[in-house]
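**Q** sequence first, predicted coordinates after that:
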Amino acid sequence: MARRGLPAVGGAGAACVGYGAVVSATAPFTAGADTAVALALGVVAVALGLRLAAGPVTGPVLVPPAPAPGAPARRAVAVWGPVLGAALALELFSYAHGDRAAYPTLSSLLDSLDGGRAGKTLCATAWLALGWWLVDR
């Protein structure tokens with residue numbers, strides 16, 4: 001994981017919370033939500049383009065090297081395989097039974113969390129933080 005100074009991490013964290021607040025003010029599948037997503041993607045694309053146009057990247061490489069074959073990949077499959085399998089089984093079971101009140105899907109459970117603006121802000125910020133962590137590791 002690349003080391004960054006506190007101002008960079010704090011600024012990125014504030015940007016994630018701010019974007020989460022903007023997203024929480026939109027209704028799903030509307031022009032406002034589409035615009036919020038498109039603007040954020042545009043800002044990231046322009047920032048990445050400016051960084052790449054400035055010359056060779058001397059810091060963290062944008063594309064990580066291919067992992068060495070062997071134990072880490074098998075361990076990841078052994079850990080994440082059952083987790084994803086259980087999630088898939090829960091979704092299929094809930095879908096087959098059709099009664100969302102008795103057998104809620106994962107998205108139905110999430111709807112109860114992000115029903116209000118604070119929950120939406122929290123979920124959007126957590127989603128962005130998870131994405132950053134996955135890309136940065």
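**A** Here it is on my side, so go on.
**Q** please make it C-alpha for all contacts and neighbour counts, starting now.
**A** Will do.
**Q** quick one: buried residues of the helix or strand encompassing Thr35?
**A** If you go by DSSP states H and E, Thr35 is part of helix 31-53. Residues 33, 36 are the ones in helix 31-53 that count as buried (16 or more other Cα atoms under 10 Å).
**Q** ok, residues contacting stretch 25-39?
**A** Stretch 25-39 has contacts (Cα atoms under 8 Å, 6 or more residues apart in numbering) with 22-23, 117.
**Q** so can I have JSON lines of these showing pLDDT?
**A** Formatted as JSON lines, these follow (pLDDT from 0 to 100):
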{"residue": "Val22", "pLDDT": "84"}
{"residue": "Val23", "pLDDT": "80"}
{"residue": "Arg117", "pLDDT": "84"}
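**Q** from the residues you listed, which is closest to Phe93?
**A** Phe93 lies nearest to Arg117 out of those, by Cα to Cα, at 30.1 Å.
**Q** check the gap between Val22 and Arg74 for me.
**A** Distance, Val22 to Arg74, by Cα to Cα, to the nearest Å: 40 Å.
**Q** with neighbour numbers in mind, choose between the two.
**A** Neighbour comparison, Val22 and Arg74: the larger count goes to Val22, with 18 against 11 (by other Cα atoms under 10 Å).
**Q** does that one sit in a helix, a strand or a coil?
**A** On the three-state scheme (DSSP: H, G, I helix; E, B strand; the rest coil), Val22 is labelled helix.
**Q** biggest helix in the chain, by residue count?
**A** For the chain, the helix with the greatest residue count under DSSP state H is helix 71-97.
**Q** show me the contacts for the residue of the chain positioned farthest from its centre.
**A** Residue farthest from the centre of the chain, counting by Cα atoms, centre = their mean, is His97 at 29.4 Å. Contacts for His97 (Cα under 8 Å, 6+ apart) come out as Tyr103.
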